[in-house]
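Colleague: based on what follows, work out the 3D shape:
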Amino acid sequence: MKLLTKNTLILLFVALVVFSVGGFIFYTQLKNIMNEEAIEALYAKKHEVEQYVSENHKLPESVSFEELLNFTESQAPIKECLSDQLIYIQTEEEELPYKQLRFNLQFEGKNYICTISSSLLEADDLIETIFKSFAIIIILLIVVFITINFLFSKVIWKSFFKTLKQINDYEIEKHQVLAIDKNSTKEFQQLNEAIVKMTQKISNDFNNLKSFTENASHELQTPLAIIKNKTEVLLQTEGLTDEHAIQIIEINQTASRLSKLNQTLLLMSKIENNQFSIIETLNFTDIVTNKLKQFEDLIEMKQIRVISSLANLQVNIHPMLADMIVSNLLSNAIKYTAEKGEIQLVLSSEGFKVSNQGKALKAGADKLFARFYKENEDATSTGLGLALVKQIAIINKHSLNYDYINNYHVFCYSF
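Modeller: So this is what the prediction gives:
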């Protein structure tokens, strides 16, 4: 839900509560006033009745249905009382509300119960009319309030949404400088200034980190290359014992693995920094076919049977990233397929699917794409191959999924 909608709903709710409470108080006060006026009118009429009997020596009669008089002879005086009654009026053919006063009246030496009934119909009609008017005013106020609030807020928040669009379009690798217009609203101006400072700092940190990663990787490659060359020279030294040769070979293998790890981490860093932003339309079928030829010797050595179904597929992607996807998925399948096993390759409009025979995973599938995770303790593996493919999928807004079906590990890369 948008902030503007939330703000409008909250204000509308508050307005409704205020109007409801105010309306209830207004109704109560108005009802009390009308009730007090009706009681005052009854007592005034009582005084008129007593005066009329005293002056004319007879009992008065009702003038209209709005004011009824009734006299009933009584054996003993009664206590004066007020009450609300519904009285059926023949001329109106319905029961109408009345405020009723009953009191004792002496006439010609007898006690009479005098009942004066004053109609409340006019008062109720007046209250109903006032409340209808009040309701119409409330509805109009709410409609006007929502309309003005929406239009006014839309103007105020225009600069905010403009700033938000600039942030969404911001690409750090392009070294963009945000040019945010000044705003008359103090809070938005402070926000804009903070965003500009933040993006400048992010850009500087990005450039520093990028330079550090590239320099560190480059500087590491040189000593690693020297170590490898030195170990190769030592292996050719005369009189070298078997024990020393084994240790030198281990040093050489460790240096090779470290060099490979360094290159892979640098590659992942470049992918995360979106340095492979140039996109070309490639024939993915040719890439898969060429990679199969490169892995041909390894496939024959393990006597693996490869079943492939490769449709002609054009993909928009950086050439090096496409090569990494196929290379890592194929090498992973070959590595974890037993001798005389089977690998199935399917290339279609749905994506590139690689399936290889093998036992179920020791750990959960969620760990499969984690960095440095290795299903076995293979010293030559860096544990970054699948993590690299997953990162490529994320950067290019593709998807990489894994499933284990009928003793087959199935990896599906969807474009």
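
Colleague: can we go C-alpha only for contacts and neighbour counts from here?
Modeller: Will do.

Colleague: low-confidence stretches in the stretch 101-250 of the chain?
Modeller: Scanning the stretch 101-250 of the chain for pLDDT under 70 picks out 122-124, 172-177, 206, 208-221.

Colleague: and the longest strand for the chain?
Modeller: Counting residues, the longest strand in the chain under DSSP state E turns out to be strand 94-107.

Colleague: please, where are all the strands along the stretch 1-150 of the chain?
Modeller: Remark: strands assigned in the stretch 1-150 of the chain by DSSP state E, counting those that start in this stretch are 67-74, 81-89, 94-107, 110-119.

Colleague: give the pairing partners of the last one; include direction for each.
Modeller: The one in question is strand 110-119. strand 67-74 (antiparallel), strand 94-107 (antiparallel) (DSSP bridges).

Colleague: give me the nearest residue to His318, chain neighbours excluded.
Modeller: Counting by CA to CA, 6 or more residues apart in numbering, Ile279 is the residue found nearest to His318 once chain neighbours are left out, at 4.7 Å.

Colleague: for the one you found, phi and psi?
Modeller: Main-chain torsions, Ile279, degrees, to the nearest 10: phi -110, psi 140.

Colleague: what of Val410?
Modeller: Phi and psi for Val410, reported as degrees, to the nearest 10, are phi -110, psi 120.

Colleague: so who does it touch?
Modeller: Val410 makes contact with Lys353, Val354, Ser355, Asn356, Tyr402, Asp403, Tyr404 under the criterion CA atoms under 8 Å, 6 or more residues apart in numbering.

Colleague: does Ser259 really touch Leu224, like I thought?
Modeller: Yes - using CA atoms under 8 Å, Ser259 is in contact with Leu224, at 6.5 Å.

Colleague: angle of the lengthiest helix in the chain against strand 94-107?
Modeller: Longest helix in the chain by number of residues (criterion: DSSP state H): helix 3-56. Angle of helix 3-56 versus strand 94-107, following axes from the mean of the first three to the mean of the last three CA atoms, to 10 degrees, is 40 degrees.

Colleague: between strand 81-89 and helix 3-56, find me the angle.
Modeller: Relative orientation of helix 3-56 versus strand 81-89 (the same axes, to 10 degrees): 90 degrees.

Colleague: name the helices or strands packed onto helix 3-56?
Modeller: Applying 3 or more CA pairs under 8 Å, 6 or more residues apart in numbering; DSSP states H and E, we find helix 3-56 packed against strand 94-107, strand 110-119, helix 121-156.

Colleague: closest to Ile167 out of the ones you listed?
Modeller: Among the helices and strands packed on helix 3-56, the nearest to Ile167 by CA to CA is helix 121-156 (18.5 Å).

Colleague: buried stuff in the closest one?
Modeller: For helix 121-156, a neighbour-count test (16 or more other CA atoms under 10 Å) marks Ala123, Ile127, Ile138, Ile142, Ile146, Asn149, Phe150 as buried.

Colleague: stretch 394-401 too?
Modeller: Neighbour-count burial for stretch 394-401 flags Asn396, Ser399, Leu400 (criterion: 16+ other CA under 10 Å).

Colleague: output that stretch as CSV, nothing but the C-alphas.
Modeller: What follows is stretch 394-401, C-alpha atoms only, in CSV (Å, rounded to 0.1, in the frame of the first residue of the first chain):
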residue,chain,number,x,y,z
ILE,A,394,21.3,-13.5,-11.0
ILE,A,395,23.1,-10.7,-12.8
ASN,A,396,21.4,-11.5,-16.2
LYS,A,397,18.0,-12.1,-14.6
HIS,A,398,18.1,-15.7,-15.6
SER,A,399,17.4,-18.7,-13.4
LEU,A,400,19.4,-21.8,-12.4
ASN,A,401,17.5,-24.7,-10.8
